[in-house]
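**Student:** following is a predicted model, sequence given first.
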Amino acid sequence: VHQLRLLQRVRLLLLRPLPQPALQSTSRSPSRRRPNTSRSRRHVRGALPKDKVFRVPPPENARLFQHYTRRADCSCLYLAVAVLSLAAAVGVVYLAFKPRQPAYSVVSLAVSGLAGVSNASAPGPLSPGFAATVRADNSANGKVGVHYDGAGSRVAVSYEGMSLADGAWPAFYQASCNITVFVAKAKGTRIRFSKRERGQMAAAERLPSVPFDVDITVPVRLQLGGVRTWAVPVTVRCAMTVDRLAASAKVVSRPCDVNVPFLFRSGGTDAADARKNG
């Protein structure tokens, strides 16, 4: 009987369920709760982008801005003072020397390469050449010299608006109270004349009065004592009329118009007389 009771107790102990307090405590622990994902998602969706967030700049930026602004103002002030001083100096020199416009005229115009223009049986291209003898009169300036720059100059000859030849003005220095006579050459290549233009030029040669336009553009610098000015383009347009299409052509008329910017004062009657007497 004692043994049977002992076996029953052992059986009851084996069949009794074991307590689980540790599992319940871990399931209720607040440290292992799941985060509220829906709430965090709503917060992320409603957040502003970084470039839209207003940020207050540091105070160092204001000091740097004032520093650079003062430097820029000082630089502009110094530049304005330098420009005004230079303009005043140029004005004083200009009033002291009173530069006058030189007179220009074309004394003669030698023509070559157009002898067969009236030959209707040979309508091929022609290569005309021109040698213009130019007279530059600087006698109106007693203290001012003139520098002529060959680079950028142009001598063009045309007939009734048709370009025939191009050349360059020679580079040289003309002293004060000086008259210089020189030759400016222009050359054309494979110029084709229409039948009407050939007839017009042949008829003009028979008159004899063949018109040509000579256009001259040359950069000019003035020498005012020890000061040389900046380059200013001078344009001369001469309406030439010659008696024949040959190297021995004589000029019938040669009125010239000179266009000079503010660099020169008007030469007055002296320049006009020089242009007429050429």
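**Tutor:** Nice, I can see it.

**Student:** so what's the nearest residue to Leu245 once chain neighbours are set aside up against?
**Tutor:** Nearest residue to Leu245, sequence neighbours excluded (C-beta to C-beta, 6 or more residues apart in numbering): Leu114, at 4.3 Å. Backbone N, C-alpha and C define where each C-beta goes, glycine included. Each residue near Leu114 by C-beta atoms under 8 Å, 6 or more residues apart in numbering is listed here: 126, 128, 201, 245.

**Student:** thought the last one was touching Ala110?
**Tutor:** What it means is Leu245. No: under the criterion of C-beta atoms under 8 Å, Leu245 is not in contact with Ala110, lying 10.3 Å apart.

**Student:** counting neighbours, go ahead and name the busier of those two.
**Tutor:** When Leu245 and Ala110 are compared for neighbours, Leu245 comes out ahead with 22 against 16, by other C-beta atoms under 10 Å.

**Student:** and the pLDDT for the more buried one?
**Tutor:** pLDDT for Leu245: 89.

**Student:** who's in contact with it?
**Tutor:** Contacts for Leu245 were tallied using C-beta under 8 Å, 6+ apart; they are 111, 114-115, 117, 201, 205, 210.

**Student:** tell me the secondary structure of it, please.
**Tutor:** Following DSSP: H, G, I helix; E, B strand; the rest coil, we place Leu245 in the coil state.

**Student:** joint contacts of Leu245 and Ala110?
**Tutor:** Counting by C-beta under 8 Å, 6+ apart, no residue touches both Leu245 and Ala110.

**Student:** on that earlier part again, filter the contacts of Leu114 down to just the ones in strands.
**Tutor:** The members of those all map outside strands under DSSP state E.

**Student:** Glu197 is in contact with Ser158, isn't it?
**Tutor:** No: look at Glu197 against Ser158 with C-beta under 8 Å: they stay out of range, at 11.9 Å.

**Student:** show me the shaky parts of this protein.
**Tutor:** Applying pLDDT under 70 to the chain flags residues 1-4, 10-58, 60-73, 90, 119-123, 262-278.

**Student:** neighbours around Leu7, how many?
**Tutor:** 9.

**Student:** what helix or strand does it sit in?
**Tutor:** According to DSSP states H and E, Leu7 maps onto helix 2-15.

**Student:** am I right that Ala82 is in a strand?
**Tutor:** No: per three-state DSSP, Ala82 lies outside any strand segment and is helix.

**Student:** could you shift the numbering so residue one becomes 25, and keep it that way?
**Tutor:** Yes, from this point I'll number from 25; that puts the last item at Ala106.

**Student:** how about the contacts made by it?
**Tutor:** Contact analysis of Ala106 by C-beta under 8 Å, 6+ apart lists nothing.

**Student:** and the nearest residue to Ser200 once chain neighbours are set aside, how far from Cys280?
**Tutor:** Distances taken as C-beta to C-beta, 6+ apart put Asn165 closest to Ser200, at 5.0 Å, once the chain neighbours are dropped. Using C-beta to C-beta, to the nearest Å, Asn165 is found at 19 Å from Cys280.

**Student:** which parts of the stretch 75-224 of the chain are helices?
**Tutor:** Counting by DSSP state H, counting those that start in this stretch, one finds helices in the stretch 75-224 of the chain at the ranges 83-121, 219-230.

**Student:** include distance to Ile203 when you put the ones you listed into TSV, please.
**Tutor:** Converted to TSV, the helices of the stretch 75-224 of the chain look like this (distance: least, C-beta to C-beta, whole Å):
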stretch	distance to Ile203
helix 83-121	19
helix 219-230	32
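
**Student:** out of those, deepest packed?
**Tutor:** Burial of the helices of the stretch 75-224 of the chain is given as mean neighbour count (mean count of other C-beta atoms under 10 Å); helix 219-230 ranks first at a mean of 14.

**Student:** Ala271: how many residues sit nearby?
**Tutor:** Using other C-beta under 10 Å, Ala271 is surrounded by 12 other residues.

**Student:** wait, it touches Ser136, no?
**Tutor:** Yes: using C-beta under 8 Å, Ala271 is in contact with Ser136, at 5.7 Å.

**Student:** any common contacting residues for these two?
**Tutor:** Each of Ala155 lies in contact with both Ala271 and Ser136 under the rule C-beta under 8 Å, 6+ apart.

**Student:** roughly how far does Val107 sit from Leu30?
**Tutor:** Distance check for Val107 against Leu30: by C-beta to C-beta, it reads 124 Å.
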